[in-house]
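**Student:** sequence isn't available, so here's the structure alone:
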């Protein structure tokens, strides 16, 4: 009959082996998280630089998840403000384009689409969609004139998006 200390040793050895396996798994998971945090930090820095926002302070200790979330929230708010400002500026420029060669009552134009009161809502909606369809090609051309002023230059962060998430021209 095996002695009690031998049985205890075998039990401890099994527990030790199980703990080592779990430790290796945890280490691999943590290494993956550290790599992901690094990629996120690089992406946030690249986006901030491309939109000429205040750069991320990399002198601080390594960014933790909550810091990255704060940075993403800030970046999102700043980008929303920039895009909103760009929209307002470019709509004003588009109005100036209309004024530069056409005679329209800009007060009327500034209220958006003009509906025909003698038509039903459905008829006006159909007319609106037809106008939008007719303006598609010319609107795209005008938008491309403003694109360089609105969008930042692309900066490659080394992340391959596989072509997803981009419009094809």
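**Tutor:** Good, I have the coordinates. No experiment lies behind these values; they were computed from the predicted model shown.

**Student:** show me the domain layout of this structure.
**Tutor:** Domain assignment of the chain by automatic domain parsing yields the ranges 4-103, 113-153.

**Student:** can you redo these as a markdown table with mean neighbour count and mean pLDDT?
**Tutor:** Glycine gets a C-beta too; all of them are placed from N, C-alpha and C. As requested, the domains of the chain are arranged in a markdown table below (neighbours: other Cβ atoms under 10 Å; pLDDT from 0 to 100):
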| stretch | mean neighbour count | mean pLDDT |
| --- | --- | --- |
| domain 4-103 | 12 | 82 |
| domain 113-153 | 11 | 83 |
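
**Student:** following the longest helix seen in the chain, which helix or strand comes up?
**Tutor:** Longest helix in the chain, counting residues (DSSP state H): helix 4-50. Counting by DSSP states H and E, the next helix or strand C-terminal to helix 4-50 is helix 65-101.

**Student:** got a list of contacts for the helix or strand that that following helix is followed by?
**Tutor:** Scanning forward in sequence from helix 65-101 by DSSP H and E, the next helix or strand is helix 106-109. Helix 106-109 is contacted by residues 95, 98-99, 114 when judged by Cβ atoms under 8 Å, 6 or more residues apart in numbering.

**Student:** so what does the helix or strand that helix 106-109 is followed by touch, helix or strand wise?
**Tutor:** For helix 106-109, the following helix or strand on the C-terminal side (DSSP H and E) is helix 121-150. Packing contacts for helix 121-150, counted by 3 or more Cβ pairs under 8 Å, 6 or more residues apart in numbering; DSSP states H and E, involve helix 65-101.

**Student:** thank you, goodbye.
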